[in-house]
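[1] structure of the sequence below:
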Amino acid sequence: MRAKIDIEKRDEKPLNYDYQYWLGSLLIDRLSKVDQDYADLVHSHQDYKHYTFSNLVLDDKETTGEGLQFDEGYFIISSPKKKLVEHIASGFLKDSGFHLGPRAFECTGVEILKSREFDEWCTFKTISPVRVCTYRKGDDDEIRKKTLYPSDGKFYRRVYQLLTDKYEHFHGSLPEEDFFEITDILRTKRRMYTINDCKAKCTEITFKVNGSPELLQFAYQGGLGENTSMGFGCLEVV
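    Numbers count the residues shown, from 1 in each chain. Below you'll find the predicted structure:
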C-alpha cells in the first residue's frame, strides 16, 4: 500500500538538506498518534521493518547555501503492511501540524494510492536513493562496512539477497519463481546523506528489471536495498 502526503512549509527559512532522519521520526510519531503500542512495536524491530518513504518531491524548490527553499510538495509512504500505511495516514489527518527540525510544516492532503499490478518486466527509478553495503570482520574483529555501487557486480547480488531475505521474512517463504535481474542501468548518481550525524553513501538509479511479479511488487511496496525505514530505496515506476 502507498500513501501520498501533501505538505506546505509554514516557515520562511529553508529546510536543511539532510532532513531524512526528521522525516523518518515523524512517521513513527504520526503512527503513535493512532496506535502507540503498534508504533512501539514497529520502532523496536531490529530486523526488517518492511516500509520505506521517498524524498520530498518539490516542484518549486530553490537550492541555497542553507538548504532547500520551497512552498509546497509531497512525499510517499510505502509498505506491504496495509495497517502501517493506513495508521500513518490517519495520524496526519488527526494532527496536521509538524516540524522537520526547526522548520514548521502543515499536512494539506492525504491520498491512499491505487495498487499496481506487475508482470515480469519493469522500469523503476528511485525516489529516495538506494543503499547497498557489504560487511566483513577485520583483523581486529571490528566489522568493516563497504558501500556498493552499480559499477560493482556485487551490488546486484546484494540487492537480490536483501530482497529475497525480506520477502521470506515477511511472507514466510519465497515465491515459486524468485528471479530478479537488473538488466539495464539507465541513470545513476552517487549521493551522500547524513542520518543522525552518520554519513550514508547511496545511489540514485533508474533501471530496467526482469523479475517475478511477486518480487517486483514487494520491491515496489517495501523498497530496495538496506535501511529502507530510514528513507532509502523507495521506488517509482517509470
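[2] first to last residue in stretch 41-54, what's the distance?
    22 Å (C-alpha to C-alpha, to the nearest Å).
[3] ok, residues contacting it?
    Residues from elsewhere that reach stretch 41-54 (C-beta atoms under 8 Å, 6 or more residues apart in numbering): 23-24, 27-28, 31, 75-81, 84-85, 127-128, 165-166, 169-170, 222-223, 228-229, 231-234, 236. Every residue, glycine included, has its C-beta placed from N, CA and C.
[4] 7 Å - rerun?
    23, 27-28, 31, 75-81, 84, 127-128, 166, 169-170, 222-223, 228-229, 231, 233-234 (C-beta atoms under 7 Å, 6 or more residues apart in numbering).
[5] look up how far residue 182 lies from residue 153.
    11 Å (C-beta to C-beta, to the nearest Å).
[6] over to residue 221?
    Applying C-beta to C-beta to residue 221 and residue 182 gives a distance of 18 Å.
[7] which of these two has more residues huddled nearby?
    residue 221 (22 against 18; other C-beta atoms under 10 Å).
[8] grab the nearest non-local neighbour of that one.
    residue 80 (4.4 Å; C-beta to C-beta, 6 or more residues apart in numbering).
[9] what do you get for residue 96?
    Residue 96 sits nearest to residue 107 (C-beta to C-beta, 6+ apart), 4.2 Å away.
[10] for the helix or strand containing that neighbour, which positions count as buried?
    Assigned by DSSP states H and E, residue 107 belongs to strand 103-113. Residues of strand 103-113 classed as buried by neighbour count (16 or more other C-beta atoms under 10 Å): 103, 105, 107, 110.
[11] ok, the first one touching residue 10?
    When you say that, I think you mean residue 103. No. Counting by C-beta atoms under 7 Å, residue 103 does not reach residue 10; the two are 8.1 Å apart.
[12] okay, strands next: where are they in this structure?
    With DSSP state E, the ranges of strands along the chain come out as 2-9, 52-53, 62-63, 68-69, 72-78, 97-100, 103-113, 121-126, 133-137, 143-147, 180-195, 198-211, 235-237.
[13] nearest to residue 38, out of these?
    strand 72-78 (14.8 Å; C-beta to C-beta).
[14] report the angle between the closest one and strand 2-9.
    With axes from the mean of the first three to the mean of the last three C-alpha atoms, to 10 degrees defining the directions, strand 72-78 sits at 150 degrees from strand 2-9.
[15] what's the mean pLDDT across strand 72-78?
    The average pLDDT within strand 72-78 is 98.
[16] show me the contact partners of that strand.
    2-8, 27, 51-58, 85, 88, 127, 221, 223, 234.
[17] output stretch 144-157 as PDB, nothing but the C-alphas.
    Provided in PDB are the C-alpha atoms of stretch 144-157 (Å, rounded to 0.1, in the frame of the first residue of the first chain):
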ATOM      1  CA  ARG A 144      34.000  -3.200   8.300                       C
ATOM      2  CA  LYS A 145      31.300  -1.800   6.000                       C
ATOM      3  CA  LYS A 146      31.800  -1.100   2.300                       C
ATOM      4  CA  THR A 147      29.200   0.700   0.200                       C
ATOM      5  CA  LEU A 148      28.500  -1.000  -3.200                       C
ATOM      6  CA  TYR A 149      27.600   0.900  -6.300                       C
ATOM      7  CA  PRO A 150      26.000  -0.300  -9.600                       C
ATOM      8  CA  SER A 151      29.500  -0.300 -11.200                       C
ATOM      9  CA  ASP A 152      30.400  -3.300  -8.900                       C
ATOM     10  CA  GLY A 153      28.900  -6.700  -9.800                       C
ATOM     11  CA  LYS A 154      28.500  -7.400  -6.000                       C
ATOM     12  CA  PHE A 155      25.800  -4.600  -5.900                       C
ATOM     13  CA  TYR A 156      23.400  -6.800  -7.900                       C
ATOM     14  CA  ARG A 157      23.900  -9.900  -5.900                       C
END
